[in-house]
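I would like to see how this sequence folds:
(2 chains)
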Amino acid sequence: DGGITQSPKYLFRKEGQNVTLSCEQNLNHDAMYWYRQDPGQGLRLIYYSQIVNDFQKGDIAEGYSVSREKKESFPLTVTSAQKNPTAFYLCASSTKPIAGRQFFGPGTRLTVL
Amino acid sequence: DQQVKQNSPSLSVQEGRISILNCDYTNSMFDYFLWYKKYPAEGPTFLISISSIKDKNEDGRFTVFLNKSAKHLSLHIVPSQPGDSAVYFCAAKRPNTGNQFYFGTGTSLTVIP
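A predicted model of the protein is given here:
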């Protein structure tokens, strides 16, 4: 089955700790994305990557970091510099260069205590 | 700054009737629009799209209408079915920005049997 997996589904961390969220896809998509969803807000783009070893900041990149060493994987690290890290995080991928549908993973809910 | 807005957080419709979900945007440069559907504990899934060169796109029970002068997008579902109960997000992108989309806040649709 082709798709996007995110793990874990729920994640709890203490304030001040860095945490890495996993995102893996076997759709052979070139582009991958990380979004954040907060109550009452739309999905906001954190980072995206159009190709391996390259990525760009989205609208709310501060306090986050990413890497794209493999086509299949796009992990997101939430650093201690992120002021409000508690949120629902969604990873997505799409075929480049065709604009259009992005395929989303099931999401990870991060709670920082 | 929310560039894509869905002003109705929720909508209830009787089974068999039409569901109309609305979306407004502020950026006249947006040239491509999508609707996503999201069930609880799952990632959004693509539903239907429309390019700014069109004013209507239809796919089965789903039709998207675009009114560029009003900067308004709507999704019609006819006839509505209980399985359509989900949160619906609209999204928009500017030209030449890769696949970077701006999402609305979502409308929760409940179809009553």
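
Return the residues of chain B in contact with chain A.
Counting by Cβ under 8 Å from any Cβ of the partner chain, the residues of chain B close to chain A are B:2, B:4, B:6, B:9, B:32, B:34, B:36, B:41-46, B:49, B:89, B:91, B:93, B:98-106. (Glycine included, C-beta is placed from N, CA and C.)

Pretty sure A:F104 sits against A:L90.
Yes - A:F104 sits in contact with A:L90 when judged by Cβ atoms under 8 Å, with a separation of 5.5 Å.

joint contacts of the two?
In the contact map built from Cβ atoms under 8 Å, 6 or more residues apart in numbering or on different chains, the residues linked to both A:F104 and A:L90 are B:G43, B:P44.

so what's A:V112 bridging to?
The residues listed as beta-bridge partners of A:V112 by DSSP bridges are A:R13.

wait, isn't it in contact with A:G63?
No - in this structure, A:V112 is not within contact of A:G63 by Cβ under 8 Å, at 11.4 Å.

of the two, who's got more company?
Taking other Cβ atoms under 10 Å in any protein chain shown, A:V112 and A:G63 do not tie; A:V112 has more neighbours (18 against 15).

do you know how far that one is from chain B?
21 Å (Cβ to the nearest Cβ, to the nearest Å).

so what secondary structure elements neighbour the lowest-mean-pLDDT helix or strand in chain B?
In chain B, the helix or strand scored least confidently by mean pLDDT, DSSP states H and E is strand B:101-103, which has a mean of 90. Applying 3 or more Cβ pairs under 8 Å, 6 or more residues apart in numbering or on different chains; DSSP states H and E, we find strand B:101-103 packed against strand B:86-93.

Need the contact partners of the strand it packs on.
Residues contacting strand B:86-93 (Cβ under 8 Å, 6+ apart): A:42-43, A:99, B:3-4, B:6, B:21, B:23, B:25, B:27, B:30-39, B:44, B:47, B:73, B:75, B:99-109.

let's go with 6 Å and repeat that
Defining contact as Cβ atoms under 6 Å, 6 or more residues apart in numbering or on different chains, one finds that strand B:86-93 is touched by B:4, B:21, B:23, B:25, B:30, B:32-39, B:44, B:73, B:101-104, B:106-109.

Could you tell me which strands sit next to it in the sheet, and their orientation?
strand B:32-38 (antiparallel), strand B:101-103 (antiparallel), strand B:107-112 (antiparallel).

now those strands in TSV, with mean neighbour count?
Listed next are the strands paired with strand B:86-93 as TSV, based on neighbours: other Cβ atoms under 10 Å in any protein chain shown:
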stretch	mean neighbour count
strand B:32-38	22
strand B:101-103	25
strand B:107-112	17
